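>>> Attaching a predicted model along with its sequence, questions to come.
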Amino acid sequence: MTKLDLMVVENFTSKSQIQSKSVLDEFRDRVQSNRKTSGYNLSDQLLLQFLSSREYNQTEALTILSNYLTVVNERPDLFSWREELKRVANDGIYVHYPINNVNGSKVVIIKPGSWNPNVISFEQWFPQTLFFCEISLMDRSVQQNGIIGIIDMRNLSWSQIYHIGVSGSRLASHITDYCFPWTIQSAHLIYENRLTNMAFNLFKPFLSAKLRQRINFHGSNLETLYKFVPKSNLPPSLGGTNQEFSGEFYNNILDQHKQSVLDHWQSLRKRKVSN
């Protein structure tokens, strides 16, 4: 059992949370009989993450799990560490705000306008988002209550849209919406500019119908945003009254947990394929 598993299991202690062992056993049987998910040594804790993220709908949980295992194994270039990933938080491109929302969901703040494509490519910095996803999922409240995304469109330019392109939009949408064991409660675009529709239309075809219905456009009127996430749970850069955390703070979180995440991903690459 990896350190990540041990951190997760602490959050599954009551029978009401696990529901019943028979459900878990049934799901494990389905996993092992499925061509895409058989042969992996998957812990009970990991299976419970996927089950609980889909309210114990085994069919939906199996689909997400299959997608997750596939992308971890097919894209080792993304699910790996390199020091340049620290630039992402230093530049304020993507962070998981450490203060959870009032309902326990994780607030993810994305500022694509802070990204300089001439310095780091999209696929070079995207792995940082995967580390933060795994770290946030160590928190049982995030597993239960999901995430809320806030996309700050200030300073968005044609350069960022061009360098993400269709392939980057497809990749980010697929992994975020179809692979991780959580629910995206809502997404909020703020300070939209004339390029926002172009950027949104890049991602829209690859998003699930459910997520498309949960996207909100606020313009510069952040009072409507605060109905979803109050000021007390946001940094001053978004008009909030809580703390602004530095890139160094977020990178310290990465340093603290990166080996646990890497060990977890490596454990998913040890598949026994029957002859």
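Noted; the coordinates are in hand.

>>> you'd agree S66 is up against Y40?
No: using CB atoms under 8 Å, S66 is not in contact with Y40, being 10.4 Å away. C-beta: built from backbone N, CA, C; applies to glycine.

>>> Read off the pLDDT value for R54.
Per-residue confidence (pLDDT) for R54: 88.

>>> and if you look at the one 5 residues further on?
Listed pLDDT for T59 reads 96.

>>> Same question for the one 10 residues further on.
With respect to pLDDT, L69 has a value of 97.

>>> Surely it touches R35?
No: when contacts are counted by CB under 8 Å, L69 is not listed as touching R35 (11.6 Å).

>>> Those two: which has the busier surroundings?
Remark: of L69 and R35, L69 carries more neighbours, 20 against 7, as counted by other CB atoms under 10 Å.

>>> Helix, strand, or coil at that one?
Per DSSP: H, G, I helix; E, B strand; the rest coil, the local secondary structure of L69 is helix.

>>> Verify the stated contact: L24 with L47.
Yes: L24 lies in contact with L47 (CB under 8 Å); the separation is 6.3 Å.

>>> Which one of these two is surrounded by more residues?
L47 (21 against 16).

>>> Could you list the low-pLDDT ranges of the protein?
In the predicted model, the chain carries pLDDT under 70 at residues 1-20, 273-275.

>>> Show me what V108 is bridged to.
Per DSSP bridges, residues listed as beta-bridge partners of V108: H96, G149.

>>> my guess is it meets D152, correct?
No: using CB under 8 Å, V108 is not in contact with D152; the gap is 11.3 Å.

>>> what ranges do the strands span in the stretch 101-250 of the chain?
106-110, 147-152, 184-190, 215-219 (DSSP state E, counting those that start in this stretch).

>>> can I get those in JSON lines with mean neighbour count and distance to S52?
Putting the strands of the stretch 101-250 of the chain into JSON lines (neighbours: other CB atoms under 10 Å; distance: least, CB to CB, whole Å) gives the following:
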{"stretch": "strand 106-110", "mean neighbour count": "22", "distance to S52": "15"}
{"stretch": "strand 147-152", "mean neighbour count": "22", "distance to S52": "15"}
{"stretch": "strand 184-190", "mean neighbour count": "20", "distance to S52": "15"}
{"stretch": "strand 215-219", "mean neighbour count": "15", "distance to S52": "24"}
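
>>> Need the ones you listed in CSV (columns: distance to M198).
Formatted as CSV, these follow (distance: least, CB to CB, whole Å):
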stretch, distance to M198
strand 106-110, 17
strand 147-152, 14
strand 184-190, 13
strand 215-219, 14
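
>>> what's the closest of these to R140?
strand 106-110 (11.7 Å; CB to CB).

>>> What is the closest one packed up against?
With contacts taken as 3 or more CB pairs under 8 Å, 6 or more residues apart in numbering; DSSP states H and E, strand 106-110 sits against strand 94-97, strand 147-152.

>>> could those strands go into TSV alongside distance to W115?
Below are the helices and strands packed on strand 106-110 laid out as TSV (distance: least, CB to CB, whole Å):
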stretch	distance to W115
strand 94-97	9
strand 147-152	12
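
>>> Q243 is nearest to which of these?
Judged by CB to CB, the one of these that comes nearest to Q243 is strand 94-97, at 9.4 Å.

>>> Could you tell me how many residues sit around G168?
By other CB under 10 Å, neighbour count at G168 equals 17.

>>> same thing with R82?
The number of residues packed near R82 is 10, by other CB under 10 Å.

>>> Dihedrals phi and psi, it?
The phi/psi pair for R82 (degrees, to the nearest 10) reads phi -150, psi 150.

>>> Could you pull up the residues touching the closest residue to it other than its chain neighbours?
In space, and not counting its chain neighbours, R82 is closest to P127: 7.6 Å by CB to CB, 6 or more residues apart in numbering. Listed by CB atoms under 8 Å, 6 or more residues apart in numbering, the contact set of P127 reads D77, L78, F79, S80, W81, R82, L85.

>>> which one among these gets closest to V142?
Distance to V142 across those (CB to CB) is lowest for F79, with 19.3 Å.

>>> right, and that closest one touches V72 too?
Yes: look at F79 against V72 with CB under 8 Å: they come within range, at 5.2 Å.

>>> Tell me the secondary structure at A61.
A61 falls in the helix class when you classify it by three-state DSSP.

>>> That one reaches Q49, doesn't it?
No: the criterion here is CB under 8 Å, and A61 misses it with Q49 at 9.0 Å.
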